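1. Just a sequence and a predicted model for now, questions to come.
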Amino acid sequence: MKKSAWLGVVVIVVVGWGALAGGESDSEAPTWDATSSSSAGSHSSRIDSPSPVQSALTTTASPQSPSDVTSSPAAVGSAIDALESLPVKGRAAKTGYDRDAFGYREFDTDKNGCDTRNDILRRDLTDLSMRDGSSCVVQTGTLNDPYSGEQIAFTRGVGTSNDVQIDHVVALSDAWQKGAQSWDAQTMHEFANDPLNLLAVKGSLNSQKGDGDAATWLPPSKSYRCPYVARQIAVKAEYSLWVTQAEYDAMARILSSCPQQELPAK
């Protein structure tokens, strides 16, 4: 059963009341790590009774209308339900990590003849114009940046292309330290090029994030934090990666404000 200090406070407040009535960049810039300040211990076993997270979220959720009574805040497919299924362990050493081994942009995983970066630019940008004679290469476009809430103009070229970067929502090195060390080459390639784990974002924020997880970095736009955490959880569940205790606590804290947040579609 996962426990943390803030969750204990939530449960105590809820019970007492009842008695009365916040990608990894190409350079992987370093980020501060809150893991050392988290509560110690990992969780390797599960029980059938609701966890403190689920109990607190269910109790504090907004009242349901009659048409919603069959929906549970922790329904199948919800982010909090998926979070509960993730193993909690310590961060493994980064020894042996090689970003190039993941082969980002080197593999056309969907077999459409286009590299991964241009696939994501075409998916996430609007007002697109393509390079002359190409159906793949994006020349210009507009990004409604999910991380900042800003609208960013993209123009391909030296000094401008990096204004929009493709973020690995679960950073490659974070994955390496939380289960990917045991992967074969094909799984590493699939992970690095999986659209589920890729978002076009403001370049400076991608660099700021570095290889941080939810315990060390969250999007400045608070309205996107629930979908962001849900996407990280979906990726980690898809690839059987684990989370640290500090990471779990941060994800649960974010999802406490949006207990019905669904996982993104594959």
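-> Received it, and whenever you're ready, just let me know what you need.

2. just the strands in the stretch 101-250 of the chain please.
-> Using DSSP state E, counting those that start in this stretch, the strands assigned to the stretch 101-250 of the chain run over residues 125-130, 138-144, 151-155, 164-168, 198-202.

3. would you list the ones you listed in a markdown table and tack on distance to residue 256?
-> Backbone N, C-alpha and C define where each C-beta goes, glycine included. A markdown table is the format used below for the strands of the stretch 101-250 of the chain (distance: least, C-beta to C-beta, whole Å):
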| stretch | distance to residue 256 |
| --- | --- |
| strand 125-130 | 33 |
| strand 138-144 | 27 |
| strand 151-155 | 30 |
| strand 164-168 | 24 |
| strand 198-202 | 23 |
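
4. So which of these is nearest residue 178?
-> strand 164-168 (13.2 Å; C-beta to C-beta).

5. Return the list of helices and strands in contact with that closest one.
-> Under the contact definition 3 or more C-beta pairs under 8 Å, 6 or more residues apart in numbering; DSSP states H and E, strand 164-168 sits against helix 116-124, strand 198-202, helix 203-209.

6. Now with 6 Å, please.
-> Identification of packing neighbours for strand 164-168 by 3 or more C-beta pairs under 6 Å, 6 or more residues apart in numbering; DSSP states H and E yields strand 198-202, helix 203-209.

7. Kindly compare burial across the ones you listed and name the winner.
-> strand 198-202 (a mean of 24; mean count of other C-beta atoms under 10 Å).

8. Could you tell me the angle between it and strand 151-155?
-> Interaxial angle of strand 198-202 relative to strand 151-155 (axes from the mean of the first three to the mean of the last three C-alpha atoms, to 10 degrees): 100 degrees.
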